[in-house]
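Colleague: what follows is a predicted structure for the sequence shown.
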Amino acid sequence: MAEAVGPKPQAGAEVESRSLSTTLNAVVFCAGVASLATEIGAARLLAPYYGSSTIVWANVIGLILASLSVGYWFGGRIADRWPSPRVLGRIVLFAAVLIAIVPFAAGPFLDVSVNGLDQVSAGAAIGSFFAVLALFALPVTLLGMVAPFAMRLAIEDVREAGSVAGRLYALSTAGSLLGTFLAALVAIPAIGTRRTLLCAALLVGLSGAVLLGRRWLLLAAGLGALLAVPAGAVRAEPGLIYEKESRYQFIHVTQLHGVRRLYLNEGLAVHSIWRRDSVLTGGEWDTYLAVPPLLGRPLRRVAILGNAGGTTARAMGVFYPQARIDGVELDPAVTAVGRRLFGLGDNPRLHVITADARPFLRRTDDRYDLIVIDAYRPPYVPFYLATREFFRLARSRLEPGGAIVLNVASAPGDHRLAEGVSGTLATEFPEALTWQALRFNQFVIGLDRKLPRAVVVQRLSHAPKRLLPLARLLSKEMRVAKPAEDPWTDDRAPVEWVTDRMILEFAARGGRFEDNDLPTAP
């Protein structure tokens, strides 16, 4: 009689081993995706409260790496003590739950923390550090435990330890790469930061549930159900009428007493302002309007690098209607908001170009009478817009006798940033003028031709009538900047370092960000 044929015990063990190996590969890959998606999400969640400066990014990256390192260490120790797939599954599922909690806890937590820090004049360095620590340290630590734990489970023969370790590290890194690009380029622009984090939680939860058994899939499904919860306002504030997360930043608009204001990220500075019955603002946008008379000829071509919602371009269209304006703006979502809420279409001679400022200047063959540089994210100046090479490029795009004007952040009694910019500009332009128009805004003007002070004063006296008080202020308060002995270059421009010191020292003195209006205020 023939014997029944069935799987040999050894064959069954091999099948089970391959199944576990495949599951561990998937868990490690998903943990890699989630860890970097969480890091990108952390930076985006903090941006509306603390900005996206190098301080904030340093805190996010540093604490995420520290959390992963702690996770690697604990993961290895726990795996040696309890080498069970179910233990790993619980760790992964717990990480998924904590990531899913973050989008709902972040708003209330950050509202309280940022208000408390405002009261003591502390800056983004302290706030963002503790925000990342409180919201993200534990879930990222748990994600860091996955790779060493999976490695302990996957190694059956010490002779294969190297290949197993290499495979799992490769999968983890590949997942991290996918998580970075998928979150930054696809998920956040399409569904927002909160739902991106929830998707990361769902992915990790599903992988953990596979290790624990089918019934745990219900918990993973519950995490997925959270995607249906309305996102709501990211940062509730008085008069909020619009908010959107673009590919580059968090955009929000308020309207109070008939005045609309455009904010980006933490809302420290107003980037555009709109009034129905006036193009003048009393703020930094008006200062650019005082510069065209310095040319000594009609203004024909203008480039505004950092057009934002079009406040300056709108005013230029009223006071210099003959000028054709190229408004260069990196973020198309900001341009869309400008058209919808800030009268960007009021100036028919404005042509909006979606591009980064310096690459635009490098590519264009056009020449301008005036280049306005307002592409900064106050108080931070992109370093590549503050170097000798950039100013040399900008001068090459001017018509003979043209000018450039820059808005540079400063603090009362601390003009290190503005001095660095103006001193560098003076190495490439025959004449560099500075004007401390507002407490926190110094304007730097570069002239393609050196002019006697008497000529400058005489030209400013021919400003449009409504702008004469502003032109007289410039005439009275302008100073000549000397070339820097050590100008900033593309290789070395310590813009962030200078700015961070300026902000922290001002905050330490108990300074408040309050300013007065210019004489052009409506």
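Modeller: Noted; the coordinates are in hand.

Colleague: count of neighbours near Leu68?
Modeller: Residues near Leu68, counting by other C-beta atoms under 10 Å, number 20. All C-beta atoms are positioned from the backbone trio N, CA, C, and that covers glycine.

Colleague: now do Pro108
Modeller: 9.

Colleague: Ala58 too?
Modeller: Neighbour tally, Ala58, other C-beta under 10 Å: 15.

Colleague: where's it, which helix or strand?
Modeller: For Ala58, the host element (DSSP states H and E) is helix 54-81.

Colleague: name the residues of that helix that come out as buried.
Modeller: For helix 54-81, burial by neighbour count (16 or more other C-beta atoms under 10 Å) applies to 54-57, 59-60, 63-64, 66-68, 70-72, 74-76, 78-79.

Colleague: on contacts alone, who are the packing partners of that helix?
Modeller: Counting contacts by 3 or more C-beta pairs under 8 Å, 6 or more residues apart in numbering; DSSP states H and E, helix 54-81 is packed against helix 9-50, helix 85-119, helix 124-144, helix 146-154, helix 495-508.

Colleague: now do the helices in the stretch 401-522 of the chain.
Modeller: 416-425, 453-460, 468-477, 495-508 (DSSP state H, counting those that start in this stretch).

Colleague: the closest residue to Ser278 other than its chain neighbours: what's it in contact with?
Modeller: Nearest non-adjacent residue to Ser278, counting by C-beta to C-beta, 6 or more residues apart in numbering: Pro522, 4.2 Å away. Contact partners of Pro522, counting by C-beta atoms under 8 Å, 6 or more residues apart in numbering, are Arg275, Asp277, Ser278, Leu280, Thr281, Gly282.

Colleague: in helices, which of those fall?
Modeller: Assigned to helices by DSSP state H, none of the contacts of Pro522 qualify.

Colleague: now, those residues that are in strands?
Modeller: Of the contacts of Pro522, the ones assigned to strands by DSSP state E are Arg275.

Colleague: show the buried residues in the contacts of Pro522.
Modeller: Using 16+ other C-beta under 10 Å, the buried ones in those are Leu280, Thr281, Gly282.

Colleague: what mean pLDDT does stretch 59-67 get?
Modeller: Stretch 59-67 comes out with an average pLDDT of 90.

Colleague: contacts for it next, please.
Modeller: 35, 38-39, 42-43, 46, 125, 128-129, 132-133, 136-138, 140-141, 144.

Colleague: low-confidence regions, the stretch 51-200 of the chain specifically.
Modeller: 51-54, 111-129 (pLDDT under 70).

Colleague: ok, now with 80
Modeller: Scanning the stretch 51-200 of the chain for pLDDT under 80 picks out the ranges 51-57, 106-133, 157-159, 189.

Colleague: again, but for the stretch 301-450 of the chain
Modeller: 376-381.

Colleague: burial of Tyr417, as a residue count?
Modeller: Quick fix: residue 417 reads Leu, not Tyr. 24.

Colleague: quick check: it touching Ser410?
Modeller: Yes: contact criterion C-beta atoms under 8 Å: Leu417 and Ser410 qualify, at 6.4 Å.

Colleague: which strand runs longest in the protein?
Modeller: The chain, longest strand under DSSP E: strand 398-409.

Colleague: so for that one, what gets flagged as buried?
Modeller: Applying a neighbour-count criterion of 16+ other C-beta under 10 Å, one finds Leu398, Glu399, Gly402, Ala403, Ile404, Val405, Leu406, Asn407, Val408, Ala409 buried in strand 398-409.

Colleague: how about these in TSV, adding distance to Ala315?
Modeller: What follows is those, written out as TSV (distance: C-beta to C-beta, whole Å):
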residue	distance to Ala315
Leu398	21
Glu399	22
Gly402	20
Ala403	17
Ile404	18
Val405	14
Leu406	18
Asn407	14
Val408	20
Ala409	21
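
Colleague: can you name the two of those residues that are farthest apart?
Modeller: Greatest spatial distance in those: Glu399 and Ala409, 28.9 Å, computed using C-beta to C-beta.

Colleague: tell me which of the helices and strands packed on helix 54-81 is the most buried.
Modeller: The highest mean neighbour count among the helices and strands packed on helix 54-81, using mean count of other C-beta atoms under 10 Å, belongs to helix 146-154: a mean of 24.

Colleague: now the helix or strand hosting Ala313, how far from the centre of its chain.
Modeller: Here Ala313 is covered by helix 311-319, with elements defined by DSSP H and E. Centroid displacement of helix 311-319 relative to its chain, using C-alpha atoms, centre = their mean, to the nearest Å, is 27 Å.

Colleague: so how far is Leu65 from the closest residue to Ala165 other than its chain neighbours?
Modeller: Nearest residue to Ala165, sequence neighbours excluded (C-beta to C-beta, 6+ apart): Met151, at 5.7 Å. Counting by C-beta to C-beta, to the nearest Å, the gap from Met151 to Leu65 is 19 Å.

Colleague: wait, Arg392 sits on Glu428?
Modeller: Yes: with contact defined as C-beta under 8 Å, Arg392 reaches Glu428; the gap is 5.0 Å.

Colleague: got the buried residues for stretch 211-228?
Modeller: Neighbour count says stretch 211-228 has Leu211, Leu212, Trp216, Leu219, Ala220, Leu223, Gly224, Leu226 buried, by 16+ other C-beta under 10 Å.
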